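Colleague: would you be able to build a 3D model of this:
(one chain, ligands or ions: 1)
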Amino acid sequence: MKEQNYLDHLVGVFGQPVSENPGVVIQDAAFAAMGLERWHFLTLDVDRDKLEDALRGLKAFKMRGINCTIPHKIAVMQYLDEISESARLIGAVNTIVNENGRLFGENTDGKGFMMSLAENGVNVSGKKAVVFGAGGAARAICVEMGLAGVGALHIVNRPQDRALGDALVDILRRNTAAQVAYTDWTEPFRVPADADIVVNATSVGLYPDVNALPNIDLDSILPSMFVQDVIPNPTETALIREMRRRGVPCATGAGMLVEQAALNIEMWTGRKPDKAVMYHALEEALS
Ligand code: NDP
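Modeller: Numbers count the residues shown, from 1 in each chain. Reported below is the predicted structural model:
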C-alpha cells in the first residue's frame, strides 16, 4: 500500500504590498520539479503592526520558513533568535528558517548576487567593483563582496541620499578590508578603465520604465569588465541588452533572483532545486 502522508510543508513571503511578488511562481515550479508536492509557498499580505502575530502563526503552523519583503525586512530582526553575520551588517533579513521554533535570519539578496557572479565564473577576490545605488540591494551586494575579499568598492549614488551612502561607506570601512570610495552621481558616470565588476543596484530599468538606462557613459564599460544588473523585471533590461550588443559579459537581475530563490529552497528543504526550471517559470510569468 502507498504511504499515506498528507502533511503540508509551508514556506512563503510576508510583505505589503505583496500581491505582485513573483516568488510563488519560481518556488512552485521548483517544488513541482523536485517532486515536493506537499510543499507550498504562500504569498501573505501582513500589516506592518501584525508582523509579530504573523511570526506566532508561522511557529504555530510549524512553517519551515518565510521570506520578508517591504516593509518587514528590518522590523523582523527583533523577533529572531539568531541572525547571520552578513544580515546583521546589511541591517536587514529577507529569509527566515524555522528550526523547531528557533528562528534564524539570513539575507539572501547579496548571496544571490554572489551566486550569479560565481555561475558566470567571476571571483571578486582582489577585484575592483563599481556599484551604482546605495539602497537595500546595494548594501547587501557591497557587504557580501566586502566579506568575500573584494579589493576595492566604488559606490556611486545620487547626492540627495548622502546619509545612506555615508552609512554604507562607514559599514564597509569598519567591517571589510576593501578600499572604499564614494562619488555623488550628478552626471553621466565614466567607469574607470581598471574596473572589473560593474553593478546596477538602482531601480532604474524596473517595470514599467523598461527603456530607462542608468546615467552611465556606456562607452566607458569595456569587454574586460563584468556587468551585473539587479532588475528582475523585465528579465532583460535596456542595460543588459546594450551590454550584450557591445559584447560585454553580463548577467541579469532575473538570474540573480532565481539564484536567491534557489538558495532559500536549499535552506528550507536541504535540497538543490533545478534553476533552469525556475528561470523558465519566471520568464513565463513576466512575459
Ligand atoms: P531602494 O529603494 O532601497 O534603493 C533604490 C536605489 O536606486 C537607491 O540607491 C536610489 O538612489 C537608486 N535610484 C532610484 N532611482 C534612481 C535614478 N533615477 N537614478 C539613479 N539612482 C536611482 O531599493 P532596493 O535597493 O531594495 O532595490 C533596488 C532594485 O533592486 C529594485 O529594482 C529591486 O527590484 C532590485 N532587487 C533585486 C533583487 C534580485 O534578486 N534580483 C534583490 C533585491 C532587490 P537614491 O538614494 O538617490 O534615491
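Colleague: I'd like to know which helix or strand in the protein has the lowest mean pLDDT.
Modeller: When each helix and strand of the chain is scored by mean pLDDT, DSSP states H and E, helix 162-175 comes last, with a mean of 92.
Colleague: so how far is that one from its chain's centroid?
Modeller: On the basis of C-alpha atoms, centre = their mean, to the nearest Å, helix 162-175 sits 19 Å off its chain's mean C-alpha point.
Colleague: all further residue positions should be reported with the first residue as 26.
Modeller: With 26 as the first residue, the last one maps to helix 187-200.
Colleague: got the angle for the helix or strand that it is followed by vs helix 187-200?
Modeller: On the C-terminal side of helix 187-200, the closest following helix or strand by DSSP states H and E is strand 204-209. Here the directions of strand 204-209 and helix 187-200 differ by 180 degrees (axes from the mean of the first three to the mean of the last three C-alpha atoms, to 10 degrees).
Colleague: helices or strands up against strand 204-209?
Modeller: With contacts taken as 3 or more C-beta pairs under 8 Å, 6 or more residues apart in numbering; DSSP states H and E, strand 204-209 sits against strand 177-182, helix 187-200. Just so you know, the C-beta spots here come from the backbone N, C-alpha and C atoms, and that holds for glycine as well.
Colleague: within the helices and strands, which one has Val155?
Modeller: strand 153-157.
Colleague: same check, this time on Glu169
Modeller: helix 161-172.
Colleague: and for the closest residue to the ligand within the chain, the neighbour number?
Modeller: Nearest residue of the chain to the ligand (C-beta to the nearest ligand atom) works out as Gly160 at 1.9 Å. Gly160 has 16 neighbours, counted by other C-beta atoms under 10 Å.
Colleague: how about Val223?
Modeller: There are 28 residues near Val223, going by other C-beta under 10 Å.
Colleague: next one: it from Arg198, what distance?
Modeller: Applying C-beta to C-beta, to the nearest Å, the value for Val223 to Arg198 is 21 Å.
Colleague: quick one on the thing from earlier: chain center to the helix holding Glu169, what's the gap?
Modeller: 10 Å.
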